[in-house]
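Chemist: What shape does this take:
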Amino acid sequence: MLKRIDAFLNTTTMYRLVLYYLVALLGAAFVLGFFGIVPFDPTMLAFSTLLITAVCRMTNAAFARVFETETNVESAYITAGILALIVTPVAATNAAGVGFIVFASVWAIASKFIFAIGKKHIFNPAAFGVALAAIVINQSATWWAAGSATLLPITIVGGLLIVRKLQRFDLVASFAVAALGTVVLTAPASNFASPLVQTLLHSSFFFLAFVMLTEPLTMPGSRLPRIIYGAIVGVLFVPTVHVGSLFFTPELALIVGNVFSYLASPKGRFTLTLSSVERVGTDMYDFVFLPDRPLSFRPGQYLEWTLGHAFPDNRGNRRYFTIASSPTEKELHLGVKFYEPASTFKRALARMKAGDTLSASHLAGDFVLPKDPSEKLAFIAGGIGITPFRSMVQYLVDTRDRRSAVLLYANKTADDIAYKEVFDRAEREIGLKTVHVLSGEAAPPPGMQSGRIDAARIAREVPDYRERLFFISGPHTMVDSFARTLREMGVPRRNIKTDFFPGFA
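Modeler: I've put the predicted structure just below:
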């Protein structure tokens, strides 16, 4: 079962998964409402959902045209789905209710364009829309479906799939500990069980944590700030928490957390102009881009890349890719492996010509070189998983950093080896030891080895492996397999770092 779930998650982008989740909740609410199991008229729900979706879609298109920016249509639908689940459904004859829906929907989408710095929006759109509506027109979100005990099983199961996809259990855990801890601390000592039950069964606790808190563009990309962000929102989420006469709501708690996230995170969205494309291995290409302004990052971090194209498939028009270049280089390198059948995103990428542009944002990732130069390193890469190591090794070469490092690089054939010239240069200039292991060649070229990377090979090529910090990058199954092998060899879990970004592509 877990293998089927992982296969589904690996072939679905995070945005499409969230969209499926929201549709499932709305569909369940509609069916249950039809049978009277939830106290909402399915006709009103259908009308409200269609109205919210239409307003969000049109507002998104209008602002994208005015601001001349590339957008992801899916994000407008996701915002619409969230709003439909937190704003009470209304009838078409309810003028005040319709006005509230239109106001919240317009401002939710507008916030992504108006309240953006460096082309990166600051606030969770749905949270901003309903918070502003509460202030301006004195109508508030009820979080009717998000806090429904009847829909809770779907909320939890689907939400856990999202968190599994994103690997943001640390964020959700910090939110949960802070929120539930605050509930206990602020409840009467004689009866804290009742507020806990109310929070878990009849509030937006799970929906907020799984869906809105984890929005990639408004949460920190690094682990410690992410944990602090979750704790801030968790504390302020509790309805008894207040500042003077201001009592916090879920949307206000999230907005305060978004402000912290912005202050603690890298800023801005970048426009990248394609300079050149070079084949670096079998079906592997290096795309070289010139950013519209300098980008500061650490070797091994990743970006979310957005490439608008017609009729995107179910993976959408956004991808997370590691930056293959070093911070010492002016260009941004993107290493991509093309598989058949290729996604619409990759087909659009392959059609790009010099001078074409795409956008990138959400710089994040903790898969980076340690600051201590005395730390011994070991890199294990498979296929296109070499990209973060290209970034790290190029940085070590450019800064003349001769720290002890070994690279074990697995491929099928010698033609599959990407960025070989970078690692050859590093071997000459800073003493990097590179071991090429080829599984598809019984008689490999000189200096290369046949077979697979296993415990025996690791022990032979890295005899002091218990003293090293291991970095593993490649397909999920490969990464998990090597991490397990290293633990069985006695390498402490804290000395094993694995490359991850949402929606491995």
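Chemist: Using neighbour counts, pick out the buried residues of the longest strand belonging to the chain.
Modeler: Secondary structure of the chain per DSSP state E: the longest strand is strand 270-281. Residues Phe270, Thr271, Leu272, Leu274, Val277, Val280, Gly281 are the ones in strand 270-281 that count as buried (16 or more other Cβ atoms under 10 Å). Quick note: C-beta positions are derived from backbone N, CA and C, even for glycine.
Chemist: got the contact list for it?
Modeler: With Cβ atoms under 8 Å, 6 or more residues apart in numbering as the test, strand 270-281 has contacts from 119, 285-293, 295, 303, 331-332, 335, 337, 352-361, 411, 415-419.
Chemist: any idea of the mean pLDDT for the strand or helix carrying Ser361?
Modeler: Taking DSSP states H and E as the definition, one finds Ser361 inside strand 357-364. Across strand 357-364, pLDDT averages out at 88.
Chemist: Adjacent strands (with direction) for it?
Modeler: The strands beside strand 357-364 in its sheet (DSSP bridges) come out as strand 270-281 (antiparallel), strand 302-306 (antiparallel).
Chemist: need these in CSV with distance to Gly181 and mean pLDDT, can you?
Modeler: Shown next, in CSV, are the strands paired with strand 357-364 (distance: least, Cβ to Cβ, whole Å; pLDDT from 0 to 100):
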stretch, distance to Gly181, mean pLDDT
strand 270-281, 39, 94
strand 302-306, 32, 89
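Chemist: Glu375: which of those is closest?
Modeler: Closest approach to Glu375 among these (Cβ to Cβ): strand 302-306, 21.8 Å.
Chemist: Now the element after the closest one, going C-ward?
Modeler: strand 318-322.
Chemist: That following strand: which residues count as buried?
Modeler: Within strand 318-322, judged by 16+ other Cβ under 10 Å, the buried ones are Arg318, Arg319, Tyr320, Phe321, Thr322.
Chemist: Given that strand, what are its sheet partners and their directions?
Modeler: Sheet pairing for strand 318-322, assigned by DSSP bridges, gives strand 302-306 (antiparallel).
Chemist: next one: the strand it pairs with to chain centre, how far?
Modeler: Averaging C-alpha positions (Cα atoms, centre = their mean, to the nearest Å) puts strand 302-306 10 Å from its chain's average.
Chemist: Keeping just the C-alphas, turn it into CSV.
Modeler: What follows is strand 302-306, C-alpha atoms only, in CSV (Å, rounded to 0.1, in the frame of the first residue of the first chain):
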residue,chain,number,x,y,z
TYR,A,302,16.8,24.5,-4.9
LEU,A,303,14.3,26.9,-6.5
GLU,A,304,10.7,26.5,-7.7
TRP,A,305,10.8,27.1,-11.5
THR,A,306,7.7,28.3,-13.3
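Chemist: got the contact list for that strand?
Modeler: If you take Cβ under 8 Å, 6+ apart as the criterion, strand 302-306 is touched by 70, 72, 216-217, 270, 317-323, 334, 358-365, 501.
Chemist: Nearest to Ser148, out of the strands paired with strand 357-364?
Modeler: Of all the strands paired with strand 357-364, strand 302-306 sits nearest to Ser148, with 31.8 Å by Cβ to Cβ.
Chemist: hmm, back to that, now restrict the contacts of strand 270-281 to buried residues only.
Modeler: For the contacts of strand 270-281, buried by 16+ other Cβ under 10 Å: 119, 285-289, 295, 303, 332, 335, 337, 358-361, 411, 416-419.
Chemist: Among those, which ones are in helices?
Modeler: Among the buried ones among the contacts of strand 270-281, no member falls in helices (DSSP state H).
Chemist: name the element Arg484 belongs to?
Modeler: Element membership of Arg484 [criterion: DSSP H and E] is helix 476-488.
Chemist: Neighbouring strands of the helix or strand just after that helix in the sheet, and parallel or not?
Modeler: Under the assignment DSSP H and E, the closest C-terminal helix or strand after helix 476-488 is strand 496-498. Looking at strand 496-498 with DSSP bridges, its partner strands are strand 469-473 (parallel).
Chemist: The partner strand versus helix 476-488: what angle between them?
Modeler: 160 degrees (axes from the mean of the first three to the mean of the last three Cα atoms, to 10 degrees).
Chemist: quick check: mean pLDDT across strand 469-473?
Modeler: For strand 469-473, the per-residue pLDDT averages 97.
Chemist: all strands for the stretch 101-250 of the chain, in order.
Modeler: If DSSP state E, counting those that start in this stretch is used as the criterion, the strands of the stretch 101-250 of the chain fall at 116-117, 120-121, 242-243, 246-247.
Chemist: Could you identify which of these is most buried?
Modeler: Ranked by mean neighbour count, the strands of the stretch 101-250 of the chain are led by strand 120-121 with a mean of 20 (mean count of other Cβ atoms under 10 Å).
Chemist: Can you give the contact residues for that one?
Modeler: Residues from elsewhere that reach strand 120-121 (Cβ under 8 Å, 6+ apart): Ser111, Lys112, Phe113, Phe115, Leu217, Thr218, Lys267, Gly268, Arg269, Ser361, His362.
Chemist: Neighbouring strands - and their directions - for it?
Modeler: Paired with strand 120-121 in the same sheet, following DSSP bridges, are strand 116-117 (antiparallel).
Chemist: any idea how far the partner strand is from the chain center?
Modeler: 19 Å.
Chemist: And for stretch 384-403?
Modeler: Distance, stretch centre to chain centre, for stretch 384-403: 24 Å (Cα atoms, centre = their mean).
Chemist: Next: stretch 206-224.
Modeler: The answer for stretch 206-224 is 9 Å, by Cα atoms, centre = their mean.
Chemist: before we move on, the earlier item: in the buried residues of strand 270-281, find the pair that's most separated.
Modeler: Spatial extent of the buried residues of strand 270-281 (Cβ to Cβ) is set by the pair Thr271 and Gly281 at 27.9 Å.
Chemist: For the stretch 301-450 of the chain, just list every one of the strands.
Modeler: 302-306, 318-322, 332-337, 357-364, 377-382, 405-411, 433-438, 449-450.
Chemist: right, so of the ones you listed, which gets closest to Leu50?
Modeler: Evaluated with Cβ to Cβ, these place strand 318-322 nearest to Leu50, the distance being 25.5 Å.
Chemist: immediately after the helix ranked longest in the chain, which helix or strand?
Modeler: Ordering each helix of the chain by length in residues (DSSP H) puts helix 42-67 first. The helix or strand immediately downstream of helix 42-67 is helix 73-86, counting by DSSP H and E.
Chemist: For that following helix, output the C-alpha coordinates as CSV.
Modeler: The C-alpha coordinates for helix 73-86 follow below in CSV (Å, rounded to 0.1, in the frame of the first residue of the first chain):
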residue,chain,number,x,y,z
VAL,A,73,-3.6,28.8,-12.9
GLU,A,74,-3.8,25.9,-10.4
SER,A,75,-2.9,28.3,-7.6
ALA,A,76,-6.1,30.3,-8.3
TYR,A,77,-8.2,27.2,-8.2
ILE,A,78,-6.5,26.1,-4.9
THR,A,79,-7.3,29.5,-3.3
ALA,A,80,-10.9,29.1,-4.6
GLY,A,81,-11.2,25.6,-3.1
ILE,A,82,-9.9,26.8,0.3
LEU,A,83,-12.3,29.8,0.3
ALA,A,84,-15.2,27.5,-0.6
LEU,A,85,-14.4,25.3,2.5
ILE,A,86,-14.0,28.2,5.0
